[in-house]
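In: Dropping a prediction and its sequence here:
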Amino acid sequence: MPGGKPGRSGKPPAPAVVDRRTELSEFLRSRRARLRPEDVGLPEGNGLRRVPGLRREELAQLTGVSVAYYIRLEQGHVSNVSDAVLEALGTALRLTPTERDHLRHLVRPRAPRIRAARPLPARSSGPEAAPAGPQRVGPACRQLLDAMELVPAFVLGRRLDVIGWNALGRAVFGDFAAMPAEHRNLARQVFLDPATRALYVNWEGKAEMTVSLLRRELGRYPDDPALIGLITELTARSEEFRRFWARHDIRDKGFGVKQLNHPVAGPLTLSYESLLVAADPEQVLVTHHAEAGTRSEAALRRLAAEAADVADAVERTDRGADQDRGD
């Protein structure tokens, strides 16, 4: 795992190199530890266990492989692992579909490569190297963002970078435009920004999900230096991040309800949906809306009106500056 504490200069350490074998080993061990024999139909056995969870020999029995084979697999020796073994392992460990995808990513990493741009790229079930170059929100998605005047929204790219937003999204979740580009990242906000911590009523739940999403990114793109650098920095600067990262939890929740405590609007209850952008499925449009007739809807309308007033004032200032330069 990328790690290390900041040096005397206070700067985060240089990005570490991800050991894929260690990632796989720790993931499998963490999944074994959460299961008891009776959970998978095995007798409890006699005596106390030195460590919680299934033993390796029990998991090998459930998977239908030899103990020696499973030990090598858990040690990261993954050459020629069949789909049948991965499927049996996922079933034995009671993995969710998201966790099964992550396991496949860890077992079958691909060599770094740059994918050719195409209108509708297919999502691969295996890990890939992140394409080179910065991500940008396309014109159609930009128009959609601007059209959702009463819907706080932003677009997440690779590494949970915030690469687009609308006026109400900026008013609710932070002034992305005023941030340095390298700070426009959801994980950095959640763990390093006190204002974001105060915004989420259930900050722990938000933090857990954020770490889970980063783990999925690392499984897909284990050779992305920017991603590794981000994880290394968060590991060095946040004790909570280290605690959540050590759990190896993998989840994917694309919808739900957020409880916010906004510094201007007060308490907000917003439903959210995460939608893949068709033109680039490595971008996710995250929308938020309040139930009609609620206090939260009224608060969003007030924030939207204030955001519009600010935008008009900025536009008038810009026009005046242009006229002055013309004179």
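Out: Great, that's in hand.
In: Only C-alpha atoms from now on, for both contacts and neighbour counts.
Out: Fine.
In: Assign a three-state SS to the closest residue to E291 other than its chain neighbours, would you?
Out: Spatial nearest neighbour of E291, excluding adjacent residues (CA to CA, 6 or more residues apart in numbering): E297 at 6.4 Å. Classification of E297 by DSSP: H, G, I helix; E, B strand; the rest coil places it in helix.
In: right, and E297 touches A290 too?
Out: Yes. Counting by CA atoms under 8 Å, E297 touches A290, with 5.0 Å between them.
In: Please point out which parts of stretch 189-204 sit buried.
Out: Within stretch 189-204, the residues scored as buried using 16 or more other CA atoms under 10 Å are 189-192, 196-197, 199-201, 203.
In: for it, how far is the first residue from the last?
Out: 13 Å (CA to CA, to the nearest Å).
In: List of residues touching that stretch?
Out: Outside stretch 189-204, the residues that touch it by CA atoms under 8 Å, 6 or more residues apart in numbering are 173-174, 183, 206-207, 210, 234, 237-238, 240-241, 258-263.
In: Please, where are all the strands along the stretch 51-200 of the chain?
Out: Listed in chain order, the strands of the stretch 51-200 of the chain (DSSP state E, counting those that start in this stretch) span 153-156, 162-165.
In: about what we covered before: out of the buried residues of stretch 189-204, flag the one nearest to P43.
Out: When those are compared for distance to P43 (CA to CA), W203 wins out at 39.3 Å.
In: Could you give me the PyMOL syntax to select whichever of the contacts of stretch 189-204 are buried?
Out: Here is the PyMOL command that selects the buried residues among the contacts of stretch 189-204 (16+ other CA under 10 Å):
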select buried, resi 173+174+183+206+207+210+234+237+241+258+260+261+262
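In: Take the contacts of stretch 189-204 and keep only those in helices.
Out: Counting by DSSP state H, the contacts of stretch 189-204 place 173, 206-207, 210, 234, 237, 240-241 in helices.
In: Turn those residues into a markdown table, including distance to L276 and pLDDT.
Out: Listed next are those as a markdown table, based on distance: CA to CA, whole Å; pLDDT from 0 to 100:
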| residue | distance to L276 | pLDDT |
| --- | --- | --- |
| F173 | 20 | 96 |
| K206 | 20 | 96 |
| A207 | 22 | 96 |
| T210 | 17 | 96 |
| L234 | 26 | 96 |
| R237 | 31 | 95 |
| E240 | 29 | 96 |
| F241 | 26 | 97 |
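In: For those, work out which two are farthest apart.
Out: Distance extremes for the ones in helices among the contacts of stretch 189-204: the farthest pair is F173 and R237 at 22.0 Å, using CA to CA.
In: roughly how far apart are F173 and R34?
Out: For F173, the distance to R34 - CA to CA - is 35 Å.
In: Correction: the previous question concerned F176.
Out: Between F176 and R34 the computed distance is 39 Å (CA to CA).
In: more neighbours, these two?
Out: Neighbour totals were compared for F176 and R34, and F176 leads with 20 against 13 (other CA atoms under 10 Å).
In: List the neighbours of stretch 68-77 that are in contact with it.
Out: Contacting residues not belonging to stretch 68-77 are listed as 20-22, 24-25, 28-29, 56, 60, 78 [CA under 8 Å, 6+ apart].
In: Give the buried residues for it.
Out: Under 16+ other CA under 10 Å, the buried positions of stretch 68-77 are 70, 73-77.
In: That one - what's its average pLDDT?
Out: The pLDDT scores in stretch 68-77 average 88.
In: where do the strands sit along the stretch 201-327 of the chain?
Out: Secondary structure of the stretch 201-327 of the chain (DSSP E, counting those that start in this stretch): strands at 255-262, 266-277, 280-289.
In: and the first one, what does it pack onto?
Out: Under the contact definition 3 or more CA pairs under 8 Å, 6 or more residues apart in numbering; DSSP states H and E, strand 255-262 sits against helix 194-199, strand 266-277.
In: Next, format those as a markdown table and append distance to V137 and mean pLDDT.
Out: Listed next are the helices and strands packed on strand 255-262 as a markdown table, based on distance: least, CA to CA, whole Å; pLDDT from 0 to 100:
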| stretch | distance to V137 | mean pLDDT |
| --- | --- | --- |
| helix 194-199 | 23 | 96 |
| strand 266-277 | 9 | 96 |
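In: out of those, nearest to V151?
Out: strand 266-277 (9.7 Å).
In: mind checking how far the closest one is from the chain centre?
Out: Using CA atoms, centre = their mean, to the nearest Å, the distance from the centre of strand 266-277 to the centre of the chain it belongs to is 16 Å.
In: Show me what that strand is in contact with.
Out: Strand 266-277 is contacted from outside by 141, 254-262, 282-291, 295-296, 299, using CA under 8 Å, 6+ apart.
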